[in-house]
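Asker: sequence-free structure coming up:
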Ligand SMILES: [Zn+2]
């Protein structure tokens, strides 16, 4: 399997609003937004809170912990740049703060399972450090 | 008991093909529209409303005007319906609503696409592109694979359960000479032996992209009666849009078709059990599974048993996707959703040659767009 860092794949299409998110990601941190009015967590970053339409959203650092809601082992990638590392795993990660994000799932031995506890793992994908996830150590969390 | 909200008086399809050469989308829309007009046995000038899909050919804006001009129409109601695979069914109730609002009398609803080489792709710059694609998740296959895996984890669904849906689609395609998989049936084993594209999704569980076009002409029930048309009636409709990216889906195993179907059945005053035909949007096997469960025809997690207990052919006890579904017929891009409406019209008026259901009364036709995000359900009824 080739190295994820050497892939020639599309990176994030950053916009003004999401610059802090991608800057933090490059530094190995995962940011989410928090609404000051309804106190719900929001992912992906938005101009207004999708729960209450408040514009008082601020970035905060997420715990980086979550649960695998679903996953797929990708044999035939939608983008040809991913072919060198196929099969690889992507998954839906329900963050402990509430929102769900899609991410790259690093698998050690064998397939993950829905319900697995995950930890964020900053990972160089195509020359950029992105928030990937890996299965948490057995027993480290009690669900 | 039920009230006709509008009459579907003409339908047409272009035979799906894998590749085209030198076709234009406008030209294909024109051909299929002319056939629908002939099928409706009306004159072109009777059409005073036009509903089209988004981004026809290289035309990102002014789409209705471009199509109207090409067809020589001057509609008094013209619009784009942009609901992915739900666009076709979404056109039907919008046509009925425009007619009953007194804005027009007879609406052409048309979708189509070519597959010339070097088809340009639009440059997406939206949240999916920014937050999903960089992690290795491009395209719909992975999104629907995630829905499938969630269903398997929640209910213990087997790969065979899903494969049965593809098997039946291919079986029904054997009675439709226009289907892309006509002459190519597939057993459950064939489906399971086809390559894994994105686990747990196999190649034969995914629609084949084709070029094609579908058109439906809708008019008022009163006008259809005056014309002596072979009419099929819109009895109820429902629509709901919940999200775009699969990561933002409020539920991975039940979708917006559930409330859409509930509304459509309530408007029509009928139940799912009364359907003579289930014409269910099937971009992937999981979509049929989720729709069967959301319709109440089986319990959540119970579609596999339902697939084993029934015969889904035109002579069976639960005819479903008798044209082969899109899994058997091919998916002509956004026109794919309209194939389910066109087939329902053929069955309900008795023109489904070679695969006619005996005395059908009601059909459920569904559309679905994005990742179980955009939903439209229609209940159609035979002229009685
Ligand atoms: Zn809020």
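Answerer: Received the coordinates, thanks. On a predicted model such as this, the values are computed, not experimentally measured, just so you know.
Asker: Any idea which residue of chain B lies closest to the ion?
Answerer: Nearest residue of chain B to the ion (Cβ to the ion) works out as residue B:248 at 15.7 Å. Heads up, the C-betas are built off the backbone N, CA and C, glycines and all.
Asker: is it true that that residue touches residue A:101?
Answerer: No. With contact defined as Cβ atoms under 8 Å, residue B:248 does not reach residue A:101; the gap is 9.4 Å.
Asker: quick one: which of those two has more around it?
Answerer: Remark: of residue B:248 and residue A:101, residue A:101 carries more neighbours, 24 against 21, as counted by other Cβ atoms under 10 Å in any protein chain shown.
Asker: Could you pull out the buried residues of the longest strand along chain B?
Answerer: For chain B, the strand that runs over the most residues, judged by DSSP state E, is strand B:6-17. The neighbour-count check on strand B:6-17 (16 or more other Cβ atoms under 10 Å in any protein chain shown) flags B:6, B:7, B:8, B:9, B:10, B:11, B:12, B:13, B:14, B:16 as buried.
Asker: Same check on stretch B:43-56?
Answerer: Of the residues in stretch B:43-56, B:46, B:47, B:48, B:49, B:50, B:51, B:52, B:53, B:54, B:55, B:56 count as buried by neighbour count, 16+ other Cβ under 10 Å.
Asker: pLDDT-wise, what's the bottom of the residues you listed?
Answerer: Lowest pLDDT among the buried residues of stretch B:43-56: residue B:56, with 67.
Asker: What's the separation between the residue lying closest to residue B:258 once chain neighbours are set aside and residue B:146?
Answerer: Spatial nearest neighbour of residue B:258, excluding adjacent residues (Cβ to Cβ, 6 or more residues apart in numbering or on different chains): residue B:294 at 3.8 Å. Using Cβ to Cβ, to the nearest Å, we find residue B:294 at a distance of 18 Å from residue B:146.
Asker: mind listing what residue B:380 touches?
Answerer: Listed by Cβ atoms under 8 Å, 6 or more residues apart in numbering or on different chains, the contact set of residue B:380 reads B:8, B:232-235, B:341, B:344-345, B:348, B:362-365.
Asker: The residue nearest to residue B:258 and residue B:272, how far apart?
Answerer: Applying Cβ to Cβ to residue B:294 and residue B:272 gives a distance of 10 Å.
Asker: Residue B:20 too?
Answerer: Applying Cβ to Cβ to residue B:20 and residue B:272 gives a distance of 38 Å.
Asker: My guess is residue B:363 contacts residue B:344. True?
Answerer: Yes. Here residue B:363 reaches residue B:344: they are 3.9 Å apart, a contact under Cβ under 8 Å.
Asker: quick one, phi/psi of the residue in the stretch 201-350 of chain B that chain A sits nearest to?
Answerer: Nearest residue of the stretch 201-350 of chain B to chain A: residue B:247, at 4.2 Å (Cβ to the nearest Cβ). The phi and psi values for residue B:247, taken as degrees, to the nearest 10, are phi -60, psi -20.
Asker: Near the nearest residue to residue B:271 once chain neighbours are set aside, how many other residues are there?
Answerer: Once flanking residues are discounted, residue B:271 sits nearest to residue B:265: 6.1 Å by Cβ to Cβ, 6+ apart. Look at residue B:265: counted by other Cβ under 10 Å, it has 23 neighbours.
Asker: How about the contacts made by residue B:265?
Answerer: Residues near residue B:265 by Cβ under 8 Å, 6+ apart: B:236, B:271, B:272, B:379.
Asker: Listing request: residues of the chain with sub-threshold pLDDT.
Answerer: Using chain A. Applying pLDDT under 70 to chain A flags residues A:1-2, A:109, A:137-143.
Asker: Chain B is the one I meant
Answerer: Across chain B, residues meeting the criterion (pLDDT under 70) sit at B:1-2, B:56-58, B:118-125.
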